[in-house]
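Chemist: Got a predicted structure plus its sequence, pasted below:
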Amino acid sequence: MLDHVVQTLSSDTLLACLIPALLFIFSLYFSGLPSLSGLRQNVAEIIAGRRRTTFGHFSVERAALSYQQYAKLSRGELATMQASYGKLGRAHKRVGYDMDYPAKLNRLQEAIALNAKVTEGIVQLGKEEFPDRLSRGDWQSAGVHGDVHRVRESLKHFVRDWSEEGRAERANIFGPILDVLQDVKPAARQEMRVLIPGSGLGRLAWEVSQMGYVVTANELSFFMNLAFRFLLSESTTEHVNQHTLQPYASWFSHQRTVDALFRSVQFPDTVPRRSTNLELAECDFLGLERPPALRTGGPAGYDFIVTLFFIDTSLNIVETLEHIHGLLKPGGTWINLGPLLWTGGGQAALELSLEEVLRLAGMIGFEIASDTDGPRRRRTIECEYTADREAMMRWLYQAGFWVATRMR
Ligand SMILES: C[S@@+](CC[C@H](N)C(=O)[O-])C[C@H]1O[C@@H](n2cnc3c(N)ncnc32)[C@H](O)[C@@H]1O
């Protein structure tokens, strides 16, 4: 009798322990191996009976969450800096105080508050423009941390693409591209399609659309897409230089003066709007298909594809160049400018030199313009990317520029 009770008890106890344990292991298995803090979050969610939701790195949810958490995460970093200063001995802290270092940290706090006006505006607009994806609360409670570095990168793109401060950087890289597009007579442009993959914050796409071409700005990352929409929307951007950022405040290195570190940049230098000439394709470039011809009876596909600092983001350059080739009309033109900075850590299947990329382009069916071919000539363009022009450090690219024709 006693044996039976013990046996029943232990099998019931075993089941009572085993089932939750198995459920727990399965939950961990399907949600991926978590870090220690992620594990805590998972356990809490499993106990609360909530399913864990994961969003892609560049998704609208992840981007909105990151913009929303910008101020909190930045203040967290500031707290670490304040703590480091606080650890100084009394005498050295006094030196720091005499040099106004606490005031400098206070200025960072103000810069974060200023920048947060933009990031909060971006989130608010995102909620209005993506109600299906951002009205439910699950994107905020997914246990995912915002990516403050990607937010800062996007804020710097406001400077590169849409500020007076970025004018010289833009002139260097847009100039050679626009020169090639200027060669087409204005009347013919309205029947020509231009695709700009990896269009970032959209300035180049907008400039080309202003020339009369029918442009598709293609961008995968919603860190970029939400920021571009912030400029395109009348509800968030009404006039020139409406917004202000302190884009360099988060990195104290390479600064000549405290004022340079905290200098403000206003944007936009011109107000972009959507138009029949400017279409957004907020998706993976590799998923794009050939568009129908604008002219009745003409061949489908793009007349021009412009890749600016783009092809090296590819994890399979053969696939990328084949896709560019496939999207162009026969005889269509591919314009490229970029430095071949491959995704690190061996993630890209092929990390090619300039010579190899050009050879690959030939194998795929492109003919590259020679180095004497007027505005189409192949050459090196010295340029920068989201540079702080007052900093003590400059990163100069010797980027490759070429124009290629789809031959077959
Ligand atoms: C180095 S940035 C250049 C941005 C812009 N062309 C410029 O020069 O400022 C590369 C851009 O390509 C985008 N991108 C990368 N892979 C993509 C893909 N498969 N489809 C569309 N965009 C992509 C990235 O999100 C990023 O905005």
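Modeler: Ah, there it is. Residues are numbered from 1 along each chain as shown.

Chemist: so how far is stretch 120-129 off the chain centroid?
Modeler: The chain centroid and the centroid of stretch 120-129 are separated by 17 Å under Cα atoms, centre = their mean, to the nearest Å.

Chemist: Contacts for that stretch, please.
Modeler: With Cβ atoms under 8 Å, 6 or more residues apart in numbering as the contact definition, stretch 120-129 has outside contacts at 60, 63-64, 67-68, 71, 134-135, 226-227, 229-230, 233, 235-236, 243. To be clear about C-beta, it is placed using only N, CA and C from the backbone, and glycine gets the same treatment.

Chemist: Which parts of the stretch 301-408 of the chain are strands?
Modeler: Assigned by DSSP state E, counting those that start in this stretch, the strands in the stretch 301-408 of the chain fall at 302-308, 328-338, 366-368, 379-383, 397-406.

Chemist: Make JSON lines out of those and add mean neighbour count and distance to residue 316.
Modeler: Compiled in JSON lines, the strands of the stretch 301-408 of the chain are given as follows (neighbours: other Cβ atoms under 10 Å; distance: least, Cβ to Cβ, whole Å):
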{"stretch": "strand 302-308", "mean neighbour count": "25", "distance to residue 316": "15"}
{"stretch": "strand 328-338", "mean neighbour count": "21", "distance to residue 316": "16"}
{"stretch": "strand 366-368", "mean neighbour count": "18", "distance to residue 316": "17"}
{"stretch": "strand 379-383", "mean neighbour count": "15", "distance to residue 316": "25"}
{"stretch": "strand 397-406", "mean neighbour count": "20", "distance to residue 316": "19"}
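
Chemist: which residues touch residue 386?
Modeler: Neighbours of residue 386 in contact, by Cβ under 8 Å, 6+ apart: 153, 156, 157, 159, 160, 169.

Chemist: How many residues are close by the closest residue to the ligand within the stretch 51-200 of the chain?
Modeler: Residue nearest to the ligand within the stretch 51-200 of the chain: residue 198 (2.6 Å; Cβ to the nearest ligand atom). By other Cβ atoms under 10 Å, the residues close to residue 198 number 21.

Chemist: quick one, phi psi at the spatially closest residue to it that is not a sequence neighbour?
Modeler: Closest residue in space to residue 198, ignoring its immediate chain neighbours: residue 310 at 3.6 Å, by Cβ to Cβ, 6 or more residues apart in numbering. Note on residue 310: backbone dihedrals following degrees, to the nearest 10 are phi -130, psi -50.

Chemist: Can you get me a residue count around residue 310?
Modeler: There are 21 residues near residue 310, going by other Cβ under 10 Å.

Chemist: I'd say it and residue 177 touch.
Modeler: No. Counting by Cβ atoms under 8 Å, no contact exists between residue 310 and residue 177, whose distance comes to 12.0 Å.

Chemist: what's around residue 127, how many residues?
Modeler: The tally of other residues near residue 127 (other Cβ under 10 Å) stands at 15.

Chemist: typed the wrong thing, it's residue 61
Modeler: When neighbours are defined as other Cβ under 10 Å, residue 61 has 22 of them.

Chemist: so is it in a helix, a strand, or just coil?
Modeler: At residue 61 the chain is in helix, as set by DSSP: H, G, I helix; E, B strand; the rest coil.

Chemist: near the ligand, anything from stretch 283-303?
Modeler: Yes. Applying Cβ under 6 Å from any ligand atom, one finds stretch 283-303 touching the ligand at 284, 285, 286.

Chemist: Tell me who's in contact with residue 63.
Modeler: Contacts of residue 63 (Cβ under 8 Å, 6+ apart): 126, 150, 221, 222, 223, 225, 226.

Chemist: now the closest residue in space to it that isn't next to it in sequence: how far from the ligand?
Modeler: Excluding its sequence neighbours, the residue lying closest to residue 63 (Cβ to Cβ, 6+ apart) is residue 222, at 3.8 Å. Distance, residue 222 to the ligand, by Cβ to the nearest ligand atom, to the nearest Å: 9 Å.

Chemist: now residue 297
Modeler: Applying Cβ to the nearest ligand atom, one obtains 31 Å for the distance of residue 297 from the ligand.

Chemist: That residue and residue 172, how far apart?
Modeler: Distance of residue 297 to residue 172, given as Cβ to Cβ, to the nearest Å: 40 Å.

Chemist: What of residue 166?
Modeler: Using Cβ to Cβ, residue 166 is found at 10 Å from residue 172.

Chemist: Of those two, which one has the most company?
Modeler: Neighbours per residue (other Cβ under 10 Å) separate residue 166 from residue 172, with residue 166 holding more: 24 against 16.
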